[in-house]
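Colleague: Sequence and predicted model, in that order:
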Amino acid sequence: MIAIWLAFAPTQAGGAASYIIVIGNSMEPKFHIGDLIIVHEEPMYQIGDAVTYRNLELNNFVFHRIVSLGLGRYSLQGDNNSWIDTYQPSQEEIVGKLWLHIPKGGIAIQKIRRPVTMAVIAGALGSFIAVNIFTGKSKGKKYMKSKSVREWFAARRQKMQNWLAAEKRLETDKPSGFFQGGMLEVSFFALGLIALVSFILGLIAFSRPTTRIVHDEISYQHLGIFSYTASAPQGVYDSNAINSGDPVFTRLTCAVDVNFHYNLIASQAENIAGGYQLTAIISEQVSGWQRSIPLQAQASFSGTSFVTSAKLDLCAVEALIQSMEQGTDFHPGSYMLTIMPNINLKGEISSRELQGDFNEGLVFKYDRIHFYLISEGEKTNSLNFTKPGILQWDHEQANTWLLLGMEIAIPALRMVSLFGLVVSLIAIAVLGSRLQNLARHDPEAFVRMRYGAMLIDIHDAALLNGTGMVEVTAIEDLAKLAERFNTVILHERRGVSHAYYVRGEGTAYRFVIADRTGSAVPESEAQSLEGEL
């Protein structure tokens, strides 16, 4: 029952299983419409896993396969799709990984959930219960009432007391170190439970690989901040200077100071070094023409940040444009001017090798009159630029199994299951041998140990007068009769012999055990008992 609960209990009831019915063809040819998919939550998901996730854009669950991952997000794609899902879920949005696939199982569930089918099932179940109740009453059967918890514990306590009493009656010549009879059944139950749990854990542990490939990643970020200034005559701007964000009219000024501040945002960044060069690129989008104008010589830096500046001659840019138009007789209406930092760097982040670049540029538009930053209506842009980066690597680590929110390592689970199974089976074998010794040395104590809760001691078997007597060859058969007739086993002791009786439907059933020396019940005593009965 525990194994079934761990495997199939739904998450709504506190279990680990989620049930999905396939409603599309995106995972064909393996998964079809109407199939039932059972998924289990895992501590980690890898490329190639078929998983179910909640798509917030569709407001529904999607069953697809992981094709890549990065920046804490998974990219998924249907086996039958040529495109990748636009929505990239996080670890928390993934419901679980494919555990069991039942073809057409969803169709069966949908049919069962129909009102007509549910009504038929409920009627059939009710009819079955009613037939059993009335059939039992017509035969005159007496049904035992369900015991309360207090009565159950009282019965267990009485059985333990019977076991201990039987143990005290053992002879002093019993094997040394023999376990108390009262603990044998409890020990069998405990060891059997340990063996069963160990076996189930072993099936789980040995059906999974001991290691798995883990995809780790470290994120970092490039940050570039541009600014520019230029002088301006009075009366055109609010001040005598052109500041960042203001348009630049070439009739007023051509010289612009461009400033750039770079910063690498990362934890545990070490040995960071690289080079940079501010470059102006003038381009025309329709024809694809472009020219590069270096604004400074190649320079180097070390550390996670640096600041640089350069002079930009807008009149030289205009002259280059006019030269191109005169030579080609191509006169477009506007041009783009981009200031690129051209950064290349390398180093280490959290002891992982880093090699990267940053080329996010400041973009102006030129309409033959002035240079100005592109407005949001045409293209989103600003003076600050960021570029995320990620370092990815794969490594092997011990595989784990998620149980009630706890991650258990598969190698450790294998060792625990093997140890528990071997030790419990050896202990069961030892206890079985001890139990056989008990049956040979003191049969009466053995009977009282096994059936103490069903035994009632009597001093006289006269109450069985007038009934037929049937000899039973084994105490186990007598116990079955007691259960069949819903009665107890009567025990009478005469000297060193013990007789056990069960009465039912006008017949008495008797089992007599030999004395402790192994001899049978004396013939004279047996005839005396039969005469009294």
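Modeller: That came through fine. Residues are numbered from 1 along each chain as shown.
Colleague: mind listing what N55 touches?
Modeller: Remark: with contacts taken as Cβ atoms under 8 Å, 6 or more residues apart in numbering, N55 is in contact with 61-62, 85, 87, 89. C-beta coordinates here come from the backbone N, C-alpha and C atoms, glycine included.
Colleague: Relative to V502, how far out is it?
Modeller: Shown here: N55 relative to V502, a distance of 67 Å by Cβ to Cβ, to the nearest Å.
Colleague: one step back: and of the contacts of N55, the nearest to V472?
Modeller: For V472, the nearest member of the contacts of N55 is F61. The distance, counting by Cβ to Cβ, is 62.2 Å.
Colleague: quick one, what contacts the closest one?
Modeller: F61 makes contacts with 20, 52-55, 95, as judged by Cβ under 8 Å, 6+ apart.
Colleague: same thing with A9?
Modeller: Residues in contact with A9, defined by Cβ under 8 Å, 6+ apart, are 15-17.
Colleague: Equivalent analysis for I66, please.
Modeller: Neighbouring residues of I66 by Cβ under 8 Å, 6+ apart: 45-51, 74-76.
Colleague: what do you get if the cut-off is 7 Å, keeping everything else the same?
Modeller: 45-49, 51, 74, 76 (Cβ atoms under 7 Å, 6 or more residues apart in numbering).
Colleague: Sketch out the low-pLDDT regions of the chain for me.
Modeller: When the per-residue scores of the chain are filtered using pLDDT under 70, the ranges that remain are 134-185, 375-381, 404-405, 461-467, 514-533.
Colleague: Show me how it divides into domains.
Modeller: Here the chain is described, according to automatic domain parsing, as comprising the domains 2-103, 149-208+410-443, 216-396, 451-532.
Colleague: Of those, which is nearest I121?
Modeller: When the domains of the chain are compared for distance to I121 using Cβ to Cβ, the nearest one is domain 2-103, at 18.7 Å.
Colleague: distance between the ends of the closest one?
Modeller: 26 Å (Cα to Cα, to the nearest Å).
Colleague: now, which of the contacts of F61 lie within strands?
Modeller: 20, 52-55, 95 (DSSP state E).
Colleague: Just grab the bridge partners of F63 for me.
Modeller: Beta-bridge partners of F63, counted by DSSP bridges, are T52.
Colleague: List the contacts of it.
Modeller: The contact partners of F63, by Cβ under 7 Å, 6+ apart, come to 20, 22, 27, 37, 50, 52.
Colleague: Give me the distance between it and N25.
Modeller: Computed with Cβ to Cβ, the distance linking F63 and N25 is 12 Å.
Colleague: do the same with E217
Modeller: Distance of E217 to N25, computed by Cβ to Cβ: 33 Å.
Colleague: With L403 instead?
Modeller: Distance, L403 to N25, using Cβ to Cβ: 35 Å.
Colleague: what does I38 give?
Modeller: The value you get for I38 to N25, if Cβ to Cβ is used, is 20 Å.
Colleague: which of the two has more neighbours?
Modeller: Neighbours of I38 and N25, each counted by other Cβ atoms under 10 Å, are more numerous for I38; the result is 20 against 14.
Colleague: Quick check: that one touching A16?
Modeller: No: if you go by Cβ atoms under 7 Å, I38 and A16 don't touch, sitting 9.9 Å apart.
Colleague: ok, now which ones touch D257?
Modeller: Applying Cβ under 7 Å, 6+ apart, we find D257 in contact with 228-230, 309, 311.
Colleague: Same question for E217.
Modeller: With Cβ under 7 Å, 6+ apart as the criterion, the residues that contact E217 are 70, 390-392.
Colleague: Just name the closest of those to R113, please.
Modeller: Nearest to R113 out of the contacts of E217 is G70 (Cβ to Cβ; 40.2 Å).
Colleague: tally of neighbours for the closest one?
Modeller: 14.
Colleague: Can you give me every residue that contacts it?
Modeller: By Cβ under 7 Å, 6+ apart, the contact set of G70 is 217, 390, 392.
Colleague: Export those residues as JSON lines, with columns for distance to I343 and secondary structure.
Modeller: Listed next are those as JSON lines, based on distance: Cβ to Cβ, whole Å; DSSP: H, G, I helix; E, B strand; the rest coil:
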{"residue": "E217", "distance to I343": "22", "secondary structure": "strand"}
{"residue": "I390", "distance to I343": "17", "secondary structure": "strand"}
{"residue": "Q392", "distance to I343": "21", "secondary structure": "strand"}
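Colleague: between those, which is nearest F260?
Modeller: Out of these, the one with the shortest distance to F260 is I390. That distance is 24.0 Å, counting by Cβ to Cβ.
Colleague: In this structure that closest one contacts L71, no?
Modeller: Yes: shown here, I390 and L71 form a contact pair, counting by Cβ under 7 Å, at 5.6 Å.
Colleague: shared neighbours, those two?
Modeller: Contact criterion Cβ under 7 Å, 6+ apart; residues shared by I390 and L71: S219.
Colleague: Sketch out the helices for the stretch 301-450 of the chain, chain order is fine.
Modeller: Assigned by DSSP state H, counting those that start in this stretch, the stretch 301-450 of the chain shows helices spanning 314-328, 410-441, 443-451.
Colleague: thinking again about what came up before, out of the contacts of N55, which one sits closest to L431?
Modeller: The shortest gap between L431 and any of these belongs to F61, at 50.6 Å (Cβ to Cβ).
Colleague: Spell out the secondary structure type for that closest one.
Modeller: strand (DSSP: H, G, I helix; E, B strand; the rest coil).
Colleague: Residues touching stretch 357-373, excluding its own?
Modeller: Stretch 357-373 is contacted by residues 222, 224, 226, 245, 247-250, 262, 314, 334-344, 374, 381, 383, 385, 387 when judged by Cβ under 7 Å, 6+ apart.
Colleague: which of the residues in it are buried?
Modeller: In terms of neighbour count (16 or more other Cβ atoms under 10 Å), stretch 357-373 has its buried residues at 358, 360-366, 370-371, 373.
Colleague: next one: stretch 328-348
Modeller: Taking 16+ other Cβ under 10 Å as the basis for neighbour counts, the residues of stretch 328-348 that come out buried are 335-343, 345, 347.
Colleague: In this structure P103 contacts I37, no?
Modeller: No: counting by Cβ under 7 Å, I37 is not a contact partner of P103; they are 10.4 Å apart.
Colleague: between those two, which one's more packed in?
Modeller: For the pair P103 and I37, the greater number of neighbours falls to I37 (23 against 13), based on other Cβ under 10 Å.
Colleague: If we ignore the residues flanking it in sequence, what's nearest that one?
Modeller: Of all residues beyond its chain neighbours, the one nearest I37 is I20 (4.2 Å), with distances taken as Cβ to Cβ, 6 or more residues apart in numbering.
Colleague: What of F8?
Modeller: A17 (5.4 Å).
Colleague: The one you found bridge partners, please.
Modeller: Beta-bridge partners for A17, by DSSP bridges, are P10, H40.
Colleague: related to what we said a few turns ago, distance to A130 added to the buried residues of stretch 357-373, as CSV?
Modeller: Written out in CSV, the entries for the buried residues of stretch 357-373 read as follows (distance: Cβ to Cβ, whole Å):
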residue, distance to A130
F358, 80
E360, 78
G361, 83
L362, 85
V363, 83
F364, 88
K365, 86
Y366, 92
H370, 94
F371, 92
L373, 84
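Colleague: Between all of these, which two are at the greatest distance?
Modeller: Pairwise distances across those (Cβ to Cβ) peak at 28.4 Å, for the pair F358 and H370.
Colleague: Let's see if you can find the most crowded of the contacts of D257.
Modeller: Each of the contacts of D257 was scored by neighbours using other Cβ under 10 Å; the highest score is Y228's, at 23 neighbours.
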